[in-house]
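Visitor: give me a 3D structure for the following:
(one chain, ligands or ions: 2)
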Amino acid sequence: MEKVILREINKYFGEKKNRIHVLTNVNFKAQKGELCLVLGPSGSGKSTFLTIAGGIQTPSSGEVLIDNVKLDSLKEKQKEQLRLEKIGFVLQNYSLVPYLRVEEQFELARRVKKEGNMNKADFTAVIKQLGIADLLNQYPRELSGGQRQRVAIARALYSNPDIIFADEPTAALDSQRVVEVGKLFRDLAHNHNKSVIIVTHDLRLKEYANRIYEIMDGNLKQV
Ligand SMILES: Nc1ncnc2c1ncn2[C@@H]1O[C@H](COP(=O)(O)OP(=O)(O)O)[C@@H](O)[C@H]1O
Ligand SMILES: [Mg+2]
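Guide: Ligands and ions are numbered 1, 2, ... in the order given. Predicted coordinates for the structure are as follows:
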């Protein structure tokens, strides 16, 4: 079953002679139970692609469907609700709340979405697998980039979303951690029937992917 579909997506930024064409006729599909990787160099349009696929940005033309619902048919409130219920984001800047301890970041997530979150046993296992069990009382500023990245991954998974969008989730991680994170995302796809979509330039993630796309200057193709 297709969880995410992009059809003929174009995205422009700027006006007239300053206009740049960032995504060109992008077509994309992600199924339930698979890990999709979108590989491309810096500036190729990965973050733009991911935020459009997840309904954070709107395309200039074309359509995005999540669970066969066209996003442009939804009101902003409905779109928010859909994101809250179905989507977990791991964004590039980690978007942790600076004045909350790690544990409180998860509590905040629990307050925003009260039901359907990961059960305690599963979440404890995720925290262990990500190696952040000892960091629960720390503030983001006390963490290394890699630790923050792993907390951001855990927080995205906490709400138990059907679809996980991750932007460069391994950029700050050493090779051993990349293996752990790759296995975790693969396990979520294969054993928990999630749809995991990762954009990255990190070739170390290739071996965990079911489907690989490449993006170059806003042109996406499956390889
Ligand atoms: N809000 C924006 N306004 C203008 N240009 C943008 C904006 N967001 C991204 N771009 C441009 O779009 C191109 C692709 O950016 P991005 O999607 O962030 O690529 P990547 O994530 O692959 O590094 C870049 O040239 C970037 O400068
Ligand atoms: Mg980016």
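
Visitor: near ligand 2, which residues of this protein? Just list them.
Guide: 46, 47 (Cβ under 5 Å from the ion). Just so you know, the C-beta spots here come from the backbone N, C-alpha and C atoms, and that holds for glycine as well.

Visitor: state which helix of the chain is the longest.
Guide: Ranked by number of residues, the top helix in the chain under DSSP state H is helix 175-192.

Visitor: how about the strands in this structure?
Guide: 2-13, 20-31, 35-39, 61-66, 69-70, 87-90, 163-167, 195-200, 211-216, 219-222 (DSSP state E).

Visitor: list of residues touching the fifth one?
Guide: This points to strand 69-70. 63, 64, 82 (Cβ atoms under 8 Å, 6 or more residues apart in numbering).

Visitor: swap the cut-off to 6 Å and go again
Guide: With contact meaning Cβ atoms under 6 Å, 6 or more residues apart in numbering, strand 69-70 is reached by residue 63.

Visitor: how deep is the closest residue to residue 42 other than its chain neighbours tucked in, by neighbour count?
Guide: The shortest distance from residue 42 to any non-neighbouring residue, by Cβ to Cβ, 6 or more residues apart in numbering, is to residue 201 (6.7 Å). Residues lying near residue 201 (other Cβ atoms under 10 Å) number 15.

Visitor: residue 15 now?
Guide: So residue 15, with other Cβ under 10 Å, has 7 neighbours.

Visitor: measure it to residue 125 for me?
Guide: To residue 125, residue 15 is 50 Å away according to Cβ to Cβ, to the nearest Å.

Visitor: residue 31 now?
Guide: Distance from residue 31 to residue 125, by Cβ to Cβ: 25 Å.

Visitor: what do you get for residue 213?
Guide: Applying Cβ to Cβ to residue 213 and residue 125 gives a distance of 30 Å.

Visitor: these two - which one has more neighbours?
Guide: residue 213 (22 against 13).

Visitor: hey, what's the more buried one bridged with?
Guide: On the basis of DSSP bridges, residue 213 is bridged to residue 38, residue 222.

Visitor: got a pLDDT number for it?
Guide: At residue 213, the pLDDT value in this model is 98.

Visitor: most centrally placed residue in the chain?
Guide: For the chain, the residue sitting closest to the mean C-alpha position, by Cα atoms, centre = their mean, is residue 165 at 1.8 Å.

Visitor: does that one touch residue 197 like I think?
Guide: Yes: the pair residue 165 / residue 197 is scored as a contact, 5.2 Å apart, by Cβ atoms under 6 Å.

Visitor: coming back round to it: now the residue nearest to residue 42: how far from residue 183?
Guide: Taking Cβ to Cβ, one finds residue 201 at 20 Å from residue 183.

Visitor: many thanks, I have nothing further to ask.
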